[in-house]
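Prediction below, plus the sequence it came from.
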Amino acid sequence: MHSKIPYQIAIVSTLLSITGCTTTKTVTIKTVPESATVFINNSEAGVSPVTCKLEFKPRSQEFDVSARQSGYQEGAIKIGYEPAKQNEYTIALGRLQKTIRIESEPTGANVFLNGQPAGITPLTKGVVFNEDNQRIEVTVRKDGFEDGATNVAYAPASQTGYWVKLKKIETIEMERITVEPQRTDTGVKLTLTRKPTLAYLEVIERSPNVASVTKVTGNEDRAVNIGAPVLSPKENNLVFTEIVQEENNSWYSTIQKQRVGESAKTRLTSGKWQDMFPAFTPDGTNVVFSSNRTSKNPTLWQIKSEEAGGNLKLTYTQAEDYSPSVAPANKMIVFASNPPGAEEPQIWSLSRDSSLLTQLREGQSPQVSPDGKRILFVRRDKLVNVRQLWVMSIEGGGETQLTQNTDYDIMDPHWSPDGKWIVYASNEGFDSKKLRNYDIWIMTATGSNRTQLTTNGSDDISPCWDYEGKTVYFLSNRGGAWNIWRFRPILPSE
């Protein structure tokens, strides 16, 4: 009896060894890439490669082994006792990636992923994420629209479509660089001024008071500063100033000439002088202008408008002489002047016969009427600090104030060729954003029937008439660059 017991135990031991109540083996768990965190049955086991002893209870037990690393999808395998001789296991982790589709309104926009160009909408592209919580910044860009943006994350993995609606750019900020009289501690001086302006990119003019609005010059550079247009009294030639800024903060200006209907322009004056404020003589053969080419202070000069010829100096004073207007028959030049120490700009006249200089009144932007009897000009109202429109006789008497504005400005007045109308620029009106902006206005020669002509919202300034009195030319930043434009005014009833 006792001799049979050890034999039965041996049989049970053999059976347990076959069925496996407790069995162990040592395994090494590797990952691709390395250094992933390994979990066995959801318990952290270490950073790969991990070597550990697994105890199988029962022998058929399987261990759930997973590996995680930032920027990769979680990988998982099962490890069983069999095959008993297998001791190494590898878990390959897939990158976090998905294929996305980016669409925009409007289409055809450039897409940038984290600042790098990726293509044009609609765009389908595979993207890879380096971290679980990484967000890829998406920028969508198209000319004439504000940048659109969104971001793409891996989660949720099912989200693959992204849509960006772009907002159309309506306005841009621009500088208007001009030369204007400014008050200083030593008196009024011509100064290069920089004024912020708002330009509407839409060039359409919806005013019922104008027709046939057309761009005359083809400037597309926002940095180019074109001056006021001046039309020849005999044919469709125009001259204007271009201001050039240099790197050392110095500047110069030249007078350009262009035939209406043609794109080419030519220099009427050359050299790095401050040639400004051109005006044609009544026969159109000469241009009178202001320049500092022989002195620190600008004086009046004359140059041929068509054929080659030298510059003729007209004034020799210590004052700053500018803004000339030539009277009919070329008998007199009326101009603005800043004598040394003067507190306000003054209007003077120069006789072409005797070269006699005569001081007339305080004011600026003088314009001699077509009949040669009156002078139109503006003067700063010292009480409200805005410019008012005035008229006086050619001798400087009989002053009449045409405007009584208190909260808006007036500038750049010009007679119509028949002397019945005055066009000018004013910021009396408001744009669609309820901001004041300069537009072109018209009134009769007596100051009645004030009518707004342009309403675009951009800055429309410096109007003048063509020699036939049918078209008004003006300077505008509509479209995002300074150019000369023109329209046919629908005149109000007199």
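Sure thing, it's come through. Numbering: from 1, shown residues only.

For stretch 52-63, give the mean pLDDT please.
The average pLDDT within stretch 52-63 is 93.

Quick check: end-to-end length of it?
This stretch, stretch 52-63, spans 12 Å end to end (Cα to Cα, to the nearest Å).

And for stretch 198-213?
Start-to-end span of stretch 198-213 (Cα to Cα) is 20 Å.

Likewise for stretch 446-453?
With Cα to Cα applied, stretch 446-453 spans 18 Å between its terminal residues.

Pull up the gap between residue 84 and residue 64, please.
Shown here: residue 84 relative to residue 64, a distance of 19 Å by Cβ to Cβ, to the nearest Å. C-beta: built from backbone N, CA, C; applies to glycine.

And residue 51, by the same measure?
Relative to residue 64, residue 51 is positioned 18 Å away (Cβ to Cβ).

and if you look at residue 480?
Using Cβ to Cβ, residue 480 is found at 64 Å from residue 64.

So which helix or strand of the protein has the lowest pLDDT on average?
The weakest-scoring helix or strand in the chain, judged by mean pLDDT, DSSP states H and E, is helix 5-19 (a mean of 42).

strand partners of the next helix or strand after that helix, parallel vs antiparallel please.
Next along the chain after helix 5-19, taking DSSP states H and E as the criterion, comes strand 23-32. Partners of strand 23-32 in the sheet, by DSSP bridges, are strand 50-56 (antiparallel), strand 88-92 (parallel).

Can I get strand 23-32 as CSV, trimmed to CA atoms?
Output in CSV follows, covering the C-alpha atoms of strand 23-32 (Å, rounded to 0.1, in the frame of the first residue of the first chain):
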residue,chain,number,x,y,z
THR,A,23,4.8,28.0,-15.9
THR,A,24,7.3,30.8,-16.3
LYS,A,25,9.6,32.2,-19.0
THR,A,26,11.8,35.2,-19.4
VAL,A,27,10.9,37.5,-22.4
THR,A,28,12.4,40.6,-23.9
ILE,A,29,10.0,43.1,-25.4
LYS,A,30,11.3,45.5,-28.0
THR,A,31,9.6,48.4,-29.8
VAL,A,32,10.0,50.2,-33.1
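
Averaged pLDDT, it. What do you get?
For strand 23-32, mean pLDDT is 94.

Contacts for that strand, please.
Applying Cβ atoms under 8 Å, 6 or more residues apart in numbering, the contact partners of strand 23-32 are 38, 45, 48-57, 59, 65, 67, 69, 75, 79, 81, 84, 87-93.

How about stretch 183-196?
By Cβ under 8 Å, 6+ apart, the list of residues contacting stretch 183-196 reads 173-182, 243, 251, 298, 320, 322, 338-345.

and residue 43, how far is that from residue 114?
Separation of residue 43 from residue 114 (Cβ to Cβ) stands at 37 Å.

neighbour count winner among these two?
The neighbour comparison of residue 43 against residue 114 (other Cβ atoms under 10 Å) goes to residue 114, with 13 against 7.

re earlier: tabulate the strands paired with strand 23-32 in a markdown table, adding columns for mean neighbour count.
Shown next, in a markdown table, are the strands paired with strand 23-32 (neighbours: other Cβ atoms under 10 Å):
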| stretch | mean neighbour count |
| --- | --- |
| strand 50-56 | 15 |
| strand 88-92 | 15 |
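
Using JSON lines, please lay out those strands together with distance to residue 163.
Below are these laid out as JSON lines (distance: least, Cβ to Cβ, whole Å):
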{"stretch": "strand 50-56", "distance to residue 163": "45"}
{"stretch": "strand 88-92", "distance to residue 163": "35"}
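
could you pull out the strands for the stretch 201-350 of the chain?
Under the criterion DSSP state E, counting those that start in this stretch, strands of the stretch 201-350 of the chain are mapped to 210-215, 225-226, 230-231, 237-245, 251-259, 265-267, 276-280, 286-291, 299-304, 312-313, 320-326, 332-338, 346-351.

outside of the fifth one, which residues touch it?
Residues lying outside strand 251-259 but in contact with it, judged by Cβ under 8 Å, 6+ apart, are 179, 192, 216-217, 227, 236-246, 264-276, 278, 287, 289, 305.

Now stretch 158-169: buried residues?
Within stretch 158-169, the residues scored as buried using 16 or more other Cβ atoms under 10 Å are 162, 164, 166, 169.

What is the neighbour count of residue 284?
For residue 284, the count of nearby residues is 16 (other Cβ under 10 Å).

The nearest residue to it once chain neighbours are set aside: what's it in contact with?
Spatial nearest neighbour of residue 284, excluding adjacent residues (Cβ to Cβ, 6 or more residues apart in numbering): residue 234 at 3.7 Å. By Cβ under 8 Å, 6+ apart, residue 234 lies in contact with 283-284, 467.
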